Structure formats: structure tokens, C-alpha cells
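*Asks:* got a predicted model here, sequence first, then my questions.
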Protein chains: 2
Amino acid sequence: MYPAKTYIIVNIIFQIFGFSCSTNTSTELKGSDPLPSWNEGQTKSAIVEFVNDVTNPASENFVEVADRIATFDNDGNLWSEQPAYFQLFFAIDRVKQMAAEHPEWKTEQPFKAVLESDMAELAKHGEHELLQLVMATHAGITTEEFEAIVKDWLATAKHPRFNKPYTELVYQPMLELLDFLRANNFKTFIVSGGGIEFLRPWVEEVYGIPKDQVVGSSIKTKLVLKDGLPVIERLPEIDFIDDKEGKPLGINKFIGRRPVFASGNSDGDLAMLQWTAAGEGKRFMLYLHHTDEVREWAYDRESPVGRLDKGLDEASEKGWTVIDMKNDWKVIYPFEK
Amino acid sequence: MYPAKTYIIVNIIFQIFGFSCSTNTSTELKGSDPLPSWNEGQTKSAIVEFVNDVTNPASENFVEVADRIATFDNDGNLWSEQPAYFQLFFAIDRVKQMAAEHPEWKTEQPFKAVLESDMAELAKHGEHELLQLVMATHAGITTEEFEAIVKDWLATAKHPRFNKPYTELVYQPMLELLDFLRANNFKTFIVSGGGIEFLRPWVEEVYGIPKDQVVGSSIKTKLVLKDGLPVIERLPEIDFIDDKEGKPLGINKFIGRRPVFASGNSDGDLAMLQWTAAGEGKRFMLYLHHTDEVREWAYDRESPVGRLDKGLDEASEKGWTVIDMKNDWKVIYPFEK
């Protein structure tokens, strides 16, 4: 029988061993290039210098490991969001799949538009009616059933322009950035306006971000008995919208700590970046500007999807870092490599 | 309370888990005793055997690292909860502190009872009125102000029986269990009926559990500008009660994964344990039975605080592991060592 102290010492020994593991990673990365898909230039330098600074114990800007929180928006920031949010394509496919059980949808908008693939008509509908679409297709089933449906969709659905699975339309440079931050002991989180349970089934595999490090919009749930066993049923009622002012609130609720690094691409992320910037000490606010109409899409102030207008002005005023996708990134998607 | 160094080390260890350099720990720890404050016997053996089994790649019960989720109730499970929930003592002290600004409390219940230290009168009030107490003392300030108030209270308040800070009334055997699980690549979470923002200021230092691994009850919040900077204001309105059926829902919302190990001490934890048990594969359901009237308290089926009645029956029926505090634990609190 050993005293508790021995156990702590063993932990310390392990820490020393493990620490050299993690230092190695970081050193190795410094020796090579931690961001190989990023062109040399101001953007890349700003990121690397920030990370080196806040992880340097001798720096006045040093940030303790526990405080190294990095938050990333998802749509248009880690994967594409054009010509429409990918979750909307999912909802549309679900409507078509479920139509046989819902004859009333043949005459009821916005379902009619979806079934007739009338995107012009669909575009006319407001947020409330699109929400109806999401509720009808995302609720009334258990969480486990929903997860299986999302996985199945991702395994079979293809993006209309690239004819590839949606999970291949993630940004290679951002995957490298996530890795680089984690190699420097940052804890990386997704903070998305998208549905938390739409994200969780795949972000672990695709981004290396664990399910419990996802903040997103949610609908209410209820514990019910099914065949004598408790299951969680998804209800057609909004619980939380993780967008705009909701993002700092979501971060506070789920993470409980202000990020030191926040990354987004639209006005929906502005409150998150402002909230990050308002913290004490050195912080990094990063905007992704979609400027590549050839390899991806070019859009900003006028786009109905992922509009970046006020955010662009504020980034310029405050000196936040803005990624110019066309010039800063060597490749967009992993499959280009 | 651990020294700051241990805290940093624990944090580093957390980070390292992400790098999967940790297989060695588990082997090294098996050489010594990972649970030195636990008496030899069925309870300790059951825990150690479970952990060894699900972390053994050759076992049919092997659980992948990403799925090694362990959830712990807090009140009466990681720290004591008698003669009343510690958060209630906090609310009472807050009422006394705030009384000068609220002359109406001199005649208004339940505030009057608090100000007159009339615990008999206070005990007569129902959940709704006690909630009023919490709202009045926990809301109307920013999240940062609230955090400072909690920290200040914990630094100065003393438990009425032990005359020690509340954070010293944590269970040494449970601290070892948390360490043991983490050394085996479990991610440990608190799932408490207590307030999430009451827990976050101290659980990292005391339990080695990061702020983002806390699930708890919450009130609503709002983003407001204060001197031109965004702050989060706490509103006097319930957002989520993380108790009973709320626990599986909270786990689903915050963690997104069913635990393989769940630990509680009251009927408020029963739904969490049932939810854990209902998952596929091997699972561990642990109840702490308060049987030590000398070193701590003895209570179960009739206690207004931390009642364990249905849970005790179900544990016995289903063969869940029940800790007999008096006989299974060599020491209760760290200061006894």
C-alpha cells in the first residue's frame, strides 16, 4: 500500500514523460512548417507569432494552458456553406425522404417548394418557415435515431457543385490551424449556428474535435421510456440559437471561459469576436474572407448566406486578422493536395 | 486544496491525454495502489476490475478512449451536503450581505427567516421560495462579478460543523477515483443539480475537472454593453434544472455521449444511472451510501437533503455497486490524512 503522495508523484513522472511528448510535437512542428497549406505572408505570420508568444513562459503575454481556449465557427469557416448551408441540404433531403408519410406537404409551403425542387420559391420564405422545415425533419425521433440519420446522409449525399461528400469540403488550411493550436495545448471548440446534434456525429473524425467540445443551436428534448428503456426524444421546439449574441452566451454556458483565440467568417460571428477581444491580455480575432470565386466562392457584404459586412469594417478598424482565401491559402480542400 | 503546482500538472496531464502518450500511466499505476484511501473489499475490487477490463484492448468489453466518459454528481458525492447544500449556505450569506440594499427583506419571507437565522422557519418554505432566494442572490450581476463573489465566499466561509472552508470537505477517496479514471484516459465530468456557475470557479483546482466539463443547473443570461464593452448579465429566470430526468438531458446537451461510468448518491442521480445502464456494452453504476455518522453523516431514505430511497432499491435489484462510506473508506476528507 502506497500513500496518496506516491500516486501524485507517479502522475508527475508521467507528466514529465508526457510533457516531453507534447513538447516534441510542438518542436517538431516548429522545425517543419505547422501550416504548410498557408502561403507565407502577414496572415500566417500573425497566427504563428501569436501562438509562439502566448505559449512562451518568458513572455508577458503568456497564457496558462487552462486558459488556452480557441473557438471556431463551422459553416463557411471550417467547411463551405455555398450555395446554401449544408444542413439545409440535409433538411431538404429529409423532406423528400419523409414525403410519403406526409401527403399534406404536397400543398403546404415551404414543403411544396422543396418537393418540387423550386429553389426560387423556397428562397422567398422567411426564417420562420425555414425553421418549420428544420423542426419537421429534425424532431419527433430519438437522439440516437437522429445521429444514425445524419451519419447515413453524410455517407451518401453529394455536394451539387463538387459531387463529393460534404465532409470533404472542409478547409485544409483550417485543419492545419486546429492541429497547430492543439499541438500548443489549446483546447479547440466549435461554436456554430448549426445544430449541435447535426455536428456531433462527424466533427470528431473530421476535425479532431470531441463531441463535448461542440457548442451549437439546439431543440428541446425529453426523456421517455421506449420498450422499458430511457431514450431521449427530440421535440419540435427551439431550445437555443447559437448565433450572433447567442455565441458569447453559448460559450459562457458550455465552456465557461472566454476564448483567447476566436475564428469566424460572418456577421453572425461578430459578437463572439467582440467578446473575445474584450478579455484582458493578448487575444486573437480571425476572420475568413471568401475571396476565391474559382476554387471556392467569393462573397461578403451582400450574400444572404454567411454575410460579412459589419464584421469586415470592424476587423479593419480594430486591426483583427483577415484571411484572404484566394491569396493566403495554397489549397482549399484536402482533395486538392 | 492542492498546491498551484499540482493544479498546473493536472492541467498539463489533461492536455497530454489528447496526444495519446498516456498508455504508460495505466501500466505504471497498476504497480502501486491507485485508490489508497479505499479499504480492500468488493467495492474497490469492482471499480478496479471494471477499469482494467474496459481499458484492456484484448477484452471484449474494451471501450475506445473517446467513449470513456465518466460523470459525477457533486453534492454528497464529491463533497458533503449536510446539514444543507453548501450552495444554500452561500445564498444565505449573500442575503445577509445584500440586506442593507433590500430593507423590504426584513418583513418578506423567506428573506426574513434568513436574516433572523430562523432555520426552522426557512425549512417550512417550499422549493419555489428557496428558488426565489437563489434568484435574488445569484442574478442581476455579470458572470464575472458572480465568479468573484463565489471565490471570495469560498476563501472566507467556514462549514458550521468542521469550521473549515467548504472546499476542504471533499472526499479524498473520490479524488483518487477521479485521478484513477483520468490516468486511464477517462474524461471526467461533473453533472450536478447545483449551479453551473457556482461550481466552475473552484472545481478545476479542487477536482482537476476543467470548467467546460461541468454540467449544472443554470439561469438565463443576456449580452449587454457596459462602458462600451460586452458583458454577460445573469437574469432572474431559470434556464435549466440539471436534476433527476434533467441529468440525462444535460449530459446529452453538454457531453453528447452516454457515460460508461456514472456516480451519484441520491434519487436525483437515479435517471443518470439508469441512462448510463441502458447503453450497450459494459457500464459502471456507482452509488455512494452515507453510512458514517461519526466521520461524516448517516442518512438515506428519509433525508430531505440527498434522499436515497428508490436508488438504493434499484441498485440492489440491478447489482449496481454501492459504496458503504463507513466501511469502504479509510479516510473521508483530505485533512484526515
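*Replies:* Perfect, I can see it now.
*Asks:* going forward, measure contacts and count neighbours with C-alpha atoms only.
*Replies:* Will do.
*Asks:* mind checking how far the helix or strand hosting residue A:189 is from the chain centre?
*Replies:* Following DSSP states H and E, one finds residue A:189 within strand A:187-195. Computed by C-alpha atoms, centre = their mean, to the nearest Å, the separation of strand A:187-195 from the middle of its chain amounts to 4 Å.
*Asks:* what strand or helix carries residue A:175?
*Replies:* helix A:172-183.
*Asks:* could you dump that helix to PDB, C-alpha only?
*Replies:* Output of helix A:172-183 as PDB, limited to C-alpha atoms (Å, rounded to 0.1, in the frame of the first residue of the first chain):
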ATOM      1  CA  GLN A 172      -7.300  22.000 -45.400                       C
ATOM      2  CA  PRO A 173      -5.600  25.200 -44.000                       C
ATOM      3  CA  MET A 174      -8.100  25.300 -41.100                       C
ATOM      4  CA  LEU A 175      -7.500  21.600 -40.300                       C
ATOM      5  CA  GLU A 176      -3.800  22.500 -40.000                       C
ATOM      6  CA  LEU A 177      -4.600  25.500 -37.800                       C
ATOM      7  CA  LEU A 178      -6.700  23.300 -35.500                       C
ATOM      8  CA  ASP A 179      -3.800  20.900 -35.200                       C
ATOM      9  CA  PHE A 180      -1.300  23.700 -34.700                       C
ATOM     10  CA  LEU A 181      -3.300  25.100 -31.800                       C
ATOM     11  CA  ARG A 182      -3.800  21.700 -30.200                       C
ATOM     12  CA  ALA A 183      -0.100  20.900 -30.500                       C
END
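*Asks:* and for stretch A:309-318, what's in contact with it?
*Replies:* For stretch A:309-318, the surrounding residues in contact (C-alpha atoms under 8 Å, 6 or more residues apart in numbering or on different chains) are A:266, A:267, A:269, A:270, A:287, A:300, A:301, A:302, A:321, A:322.
*Asks:* name the SS class of the last one, please.
*Replies:* Using DSSP: H, G, I helix; E, B strand; the rest coil as the criterion, the local structure at residue A:322 reads strand.
*Asks:* which residues does the nearest residue to it once chain neighbours are set aside contact?
*Replies:* Excluding the flanking residues, the one nearest residue A:322 by C-alpha to C-alpha, 6 or more residues apart in numbering or on different chains is residue A:287, at 4.7 Å. Listed by C-alpha under 8 Å, 6+ apart, the contact set of residue A:287 reads A:263, A:264, A:265, A:266, A:312, A:315, A:320, A:321, A:322, A:323.
*Asks:* let's go with 7 Å and repeat that
*Replies:* Shown in contact with residue A:287 (C-alpha atoms under 7 Å, 6 or more residues apart in numbering or on different chains): A:263, A:264, A:265, A:321, A:322, A:323.
*Asks:* what's the pLDDT at the closest residue in space to residue A:86 that isn't next to it in sequence?
*Replies:* Excluding the flanking residues, the one nearest residue A:86 by C-alpha to C-alpha, 6+ apart is residue A:166, at 7.4 Å. Turning to residue A:166, the model gives it a pLDDT of 98.
*Asks:* the closest residue to residue A:142 other than its chain neighbours is in what secondary structure piece?
*Replies:* Closest residue in space to residue A:142, ignoring its immediate chain neighbours: residue A:233 at 4.2 Å, by C-alpha to C-alpha, 6+ apart. Assigned by DSSP H and E, residue A:233 belongs to strand A:229-240.
*Asks:* list the buried residues of that strand.
*Replies:* Across strand A:229-240, burial judged by 16 or more other C-alpha atoms under 10 Å in any protein chain shown covers A:230, A:231, A:232, A:233, A:234, A:235, A:236, A:240.
*Asks:* nearest to chain B, of these?
*Replies:* residue A:230 (6.1 Å; C-alpha to the nearest C-alpha).
*Asks:* where do the helices sit along chain A?
*Replies:* Along chain A, the segments classed as helices by DSSP state H run A:4-31, A:42-54, A:86-98, A:111-115, A:119-124, A:127-138, A:143-156, A:172-183, A:196-207, A:246-254, A:270-277, A:310-318, A:325-328.
*Asks:* low pLDDT regions in the stretch 1-150 of chain A?
*Replies:* By pLDDT under 70, the weakly predicted segments of the stretch 1-150 of chain A are A:1-31.
*Asks:* quick one: the strand holding residue A:233 to chain centroid distance?
*Replies:* Its chain's C-alpha centre and that of strand A:229-240 lie 22 Å apart, by C-alpha atoms, centre = their mean.
*Asks:* which secondary structure elements does it sit against?
*Replies:* helix A:143-156, strand A:214-226 (3 or more C-alpha pairs under 7 Å, 6 or more residues apart in numbering or on different chains; DSSP states H and E).
*Asks:* list the neighbouring strands of the last one plus their orientation.
*Replies:* This means strand A:214-226. strand A:187-195 (parallel), strand A:229-240 (antiparallel) (DSSP bridges).
*Asks:* so what's the most centrally placed residue in chain A up against?
*Replies:* Residue closest to the average C-alpha location in chain A (C-alpha atoms, centre = their mean): residue A:74, at 2.6 Å. Shown in contact with residue A:74 (C-alpha under 7 Å, 6+ apart): A:190, A:192.
*Asks:* do you know the pLDDT at residue A:246?
*Replies:* 97.
*Asks:* I should have written residue A:250 there, sorry.
*Replies:* 98.
*Asks:* ok, it - how many residues close by?
*Replies:* Using other C-alpha atoms under 10 Å in any protein chain shown, residue A:250 has 22 other residues around it.
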